[in-house]
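Engineer: let me see the structure of the following:
(one chain, ligands or ions: 2)
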Amino acid sequence: MKVIRLAGPLLDRVYNTYLLMHTHQTVDFVRKKGAEYGACAQRQMSIMEALDLLDNVVDESDPDVDFPNSYHAYQTAEGIRQAHPDKDWFQLVGLLHDMGKILALAGEPQVNSRGGSVCSSRMHSWAVVGDTFPVGCRVQESVVFSDSTFHDNPDTKNPLYNSQYGIYQPHSGLANVLMSWGHDEYMYKVMKFNNFALPQEAFYMIRFHSFYPWHTGGDYMHLCSNEDLRMLAWVKEFNKFDLYTKCKDLPDVTQLKPYYQSLIDKYCPGQLYW
Ligand SMILES: [Fe+2]
Ligand SMILES: [Fe+2]
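Structural biologist: Ligands and ions are numbered 1, 2, ... in the order given. Model prediction:
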């Protein structure tokens, strides 16, 4: 997880998000959401339209951000641009990486910690934000709050899913792993569906940027292929900018927009399917 020193109501809020996530993210749930959203049949819009939408989303799992999400997108992109002026595709990843959070605006009923329904028009935040982890195999130690939040997850009692490898083969690769459902996986599916002309590194950074138990915790290596290990360096490089460019000095978006529009026109132009 991004922040280790939390206390009081903030800790409660973050903990509750993870308790719900670790109770309800199962193999069945992930397959269902993947099928539902992987078809990208929700709506059509451009990247800039999606970026505007993102400003309506608050990330309950992230104690660092209390300003509109699009600023975080520009801050991350600008941080990358300073450090990697020659890699425009990488800069665009900064802008795109959290765009999947528009999932939170998809109308879905919420579930409380005892499994009951709570009236809401929004997608539950535990299926949008927060650190991700593989389902279908035993949870590893570096998954945040793993010792106290999985007891009601039915997969932990299923012998098919609760062994070291679960439904996977040794080193069969993260491409074959079902990750908990959230904004990483959704945006990855949008990128694939719309054939974004970005290098493979970009797809990895977006798909696994919230997989902290892997890129920061060092767990789940028993599932990784050599290709995953090669890509890990890129995911880590991206993570620096995701984490350390958050600041109250908000970027001048009007001034930056034309540059990023040119990158969008190059790699993922026009009306896209979401
Ligand atoms: Fe994210
Ligand atoms: Fe982010």
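Engineer: show me the shaky parts of the protein.
Structural biologist: Under the criterion pLDDT under 70, the flagged ranges of the chain are 1-5, 58, 60-66, 107-122.
Engineer: near ligand 2, which residues of it? Just list them.
Structural biologist: For the chain, the contact set with ligand 2 under C-beta under 5 Å from the ion comprises 98, 242. C-beta here means a position set from N, CA and C on the backbone, and glycine is covered the same way.
Engineer: the strands in the chain, which residues?
Structural biologist: Taking DSSP state E to define them, one finds strands in the chain at 44-45, 110-111, 117-118, 272-273.
Engineer: and the last one, which strands flank it?
Structural biologist: Looking back up the chat, that one is strand 272-273. strand 44-45 (antiparallel) (DSSP bridges).
Engineer: where do the helices sit along the stretch 101-250 of the chain?
Structural biologist: Along the stretch 101-250 of the chain, counting by DSSP state H, counting those that start in this stretch, helices occupy 146-149, 183-193, 200-208, 212-215, 226-244.
Engineer: my guess is Tyr168 contacts Ala175, does it?
Structural biologist: No. Between Tyr168 and Ala175 there is no contact under C-beta atoms under 8 Å: 11.0 Å.
Engineer: and those two? Which one has more around it.
Structural biologist: Between Tyr168 and Ala175, counted using other C-beta atoms under 10 Å, the more crowded position is Tyr168 (20 against 11).
Engineer: can you name the residues that contact that one?
Structural biologist: Residues in contact with Tyr168 (C-beta atoms under 8 Å, 6 or more residues apart in numbering) are 134, 136-137, 176-177, 223.
Engineer: again, but for Ala41
Structural biologist: Ala41 sits in contact with Tyr273, where contact means C-beta under 8 Å, 6+ apart.
Engineer: kindly provide the distance from it to ligand 2.
Structural biologist: 26 Å (C-beta to the ion, to the nearest Å).
Engineer: same check, this time on Trp181
Structural biologist: Relative to ligand 2, and taking C-beta to the ion, Trp181 is found at 17 Å.
Engineer: great, nothing more from me.
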